[in-house]
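1. Sequence isn't available, so here's the structure alone:
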């Protein structure tokens, strides 16, 4: 969802935007430290496996309370024992709705891009027809 580059990794800027959207913005240094804490292959970005490691560490109590990773884990999960089944249901329905909203936005962008391509093709055809008509008058 937050992998804007669609490369299978969360880089520094994508992590920054994700934390801002989750309501827990971090400093540049804080973001670098977040990546560094779970970056097993030292490529300065988070793979899906490394992303899941955040939640594994949070569940094991291995994250500092004031760290950005702890905030991310806290904002991205729900404890059914405290929230109850209804709370969990609402949480997951809200997540699905957010995903649906973002995919609808992406669909609108794609439709707009297709319309621009169609208009560009029509313009190209009109110019070609005009040049053909123009060439008949030059003869």
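-> Alright, I've got the coordinates. Source: prediction; values computed, not measured.
2. I'd like the domain boundaries of this protein, if you could list them.
-> Here the domain parsing of the chain from the TED database is 9-75, 84-138.
3. Is it possible to get a markdown table of those that adds mean neighbour count, mean pLDDT and distance to residue 2?
-> Glycine gets a C-beta too; all of them are placed from N, C-alpha and C. Below are those laid out as a markdown table (neighbours: other CB atoms under 10 Å; pLDDT from 0 to 100; distance: least, CB to CB, whole Å):
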| stretch | mean neighbour count | mean pLDDT | distance to residue 2 |
| --- | --- | --- | --- |
| domain 9-75 | 15 | 82 | 4 |
| domain 84-138 | 10 | 76 | 10 |
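4. Same list, those domains, but as CSV with distance to residue 3 please.
-> Below are those laid out as CSV (distance: least, CB to CB, whole Å):
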stretch, distance to residue 3
domain 9-75, 6
domain 84-138, 12
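5. nearest to residue 1, of those?
-> When those are compared by CB to CB, domain 84-138 sits nearest residue 1, at 6.4 Å.
6. Residue 5 in helix, strand or coil?
-> Secondary structure assignment for residue 5 (DSSP: H, G, I helix; E, B strand; the rest coil): coil.
7. how about the helices in this structure?
-> Assigned helices in the chain, in chain order: 12-21, 28-38, 48-59, 68-75, 80-138 (criterion: DSSP state H).
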